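Visitor: I would like the atomic coordinates for the input below:
(chains A and B)
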Amino acid sequence: DTAVSQTPKYLVTQMGNDKSIKCEQNLGHDTMYWYKQDSKKFLKIMFSYNNKELIINETVPNRFSPKSPDKAHLNLHINSLELGDSAVYFCASDGGGETQYFGPGTRLLVL
Amino acid sequence: QKEVEQDPGPLSVPEGAIVSLNCTYSNSAFQYFMWYRQYSRKGPELLMYTYSSGNKEDGRFTAQVDKSSKYISLFIRDSQPSDSATYLCAMSAGSNYQLIWGAGTKLIIKP
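Guide: This next block holds a predicted model:
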């Protein structure tokens, strides 16, 4: 049974479109994250939610809007997609310790 | 200067060799040190976790932390082609603090 799942796994879209990525964790964790990993493999944190409340909001364009309907779900909506948004987006969760568990990633390609 | 420095590689070694992967950091408040392994087209997964200074061994893997030098290492003995992956170091000052990531080192084990 997958601990952290993301949908879709692949997303190919045109510039200017709006898209969403969904994340669910069945680990009972309170904290969830969105990361962006560029082509050089550098992981950059974007957002963190603790029990549905936003606790980390790094310098990210306001075209990116996270939403947490409950503590098991954290979705990411992206408006007006740009070429530079092409990357792999990872969802992760932790249970209050330092260990984070990652989803399989969503590979976004903006054409 | 980045808070965590990690050589991106790639590091290519023959099967059976001992591999040494390293990270340096600047924040003396870091107490928790982790190594994650990321296979191609997968999410990072926790490999080793160390609190404060010292060594920790798990099978063929040994994690070392030298807080006086602000230097951490991951050693892989009897390296296998299946160890080929990107290895990311991560560290934090505690559970209420953000996890800070290295850039990742791509490791290639040649059969």
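Visitor: show me which residues of chain B sit near chain A.
Guide: Residues of chain B lying close to chain A by Cβ under 8 Å from any Cβ of the partner chain are B:8, B:32, B:34, B:38, B:41-46, B:49, B:86, B:88, B:92, B:94-95, B:98-99, B:101, B:103-104, B:106. C-beta: built from backbone N, CA, C; applies to glycine.
Visitor: flag the shaky bits of chain A, pLDDT-wise.
Guide: A:1, A:96-97 (pLDDT under 70).
Visitor: neighbours of B:Leu74, just the number please.
Guide: Neighbour count for B:Leu74, taken as other Cβ atoms under 10 Å in any protein chain shown: 24.
Visitor: cool, A:Asn17 as well?
Guide: Look at A:Asn17: counted by other Cβ under 10 Å, it has 13 neighbours.
Visitor: again with the one 4 residues further on
Guide: Other residues within reach of A:Ile21, judged by other Cβ under 10 Å, total 23.
Visitor: what ranges does the chain have for its strands?
Guide: I went with chain A, as the question did not name one. Assigned by DSSP state E, the strands in chain A fall at A:4-7, A:10-13, A:19-25, A:31-37, A:43-50, A:53-57, A:64-70, A:73-78, A:87-94, A:101-102, A:106-110.
Visitor: nope, chain B
Guide: B:4-5, B:11-14, B:19-25, B:32-38, B:45-51, B:54-58, B:61-66, B:71-76, B:85-92, B:100-101, B:105-110.
Visitor: what's near enough to touch the residue of chain A found nearest chain B?
Guide: Nearest residue of chain A to chain B: A:Phe102, at 3.4 Å (Cβ to the nearest Cβ). Contact analysis of A:Phe102 by Cβ atoms under 8 Å, 6 or more residues apart in numbering or on different chains lists A:Val4, A:Tyr35, A:Phe90, A:Cys91, A:Ala92, B:Gly43, B:Pro44, B:Glu45.
Visitor: which ones are touching the first one?
Guide: Applying Cβ under 8 Å, 6+ apart, we find A:Val4 in contact with A:Cys23, A:Glu24, A:Gln25, A:Leu27, A:Cys91, A:Ala92, A:Ser93, A:Tyr101, A:Phe102, A:Gly103, B:Gly43.
Visitor: got the contact list for the closest residue to the fourth one other than its chain neighbours?
Guide: In space, not counting the residues next to it along the chain, A:Leu27 is nearest to A:Ala3; the distance is 5.2 Å by Cβ to Cβ, 6 or more residues apart in numbering or on different chains. Shown in contact with A:Ala3 (Cβ under 8 Å, 6+ apart): A:Gln25, A:Asn26, A:Leu27, A:Ser93, A:Tyr101.
Visitor: tell me how many other residues crowd the last one.
Guide: This points to A:Tyr101. Around A:Tyr101 there are 19 residues (other Cβ under 10 Å).
Visitor: isn't it up against A:Phe90?
Guide: No - with contact defined as Cβ atoms under 8 Å, A:Tyr101 does not count as touching A:Phe90 (10.5 Å).
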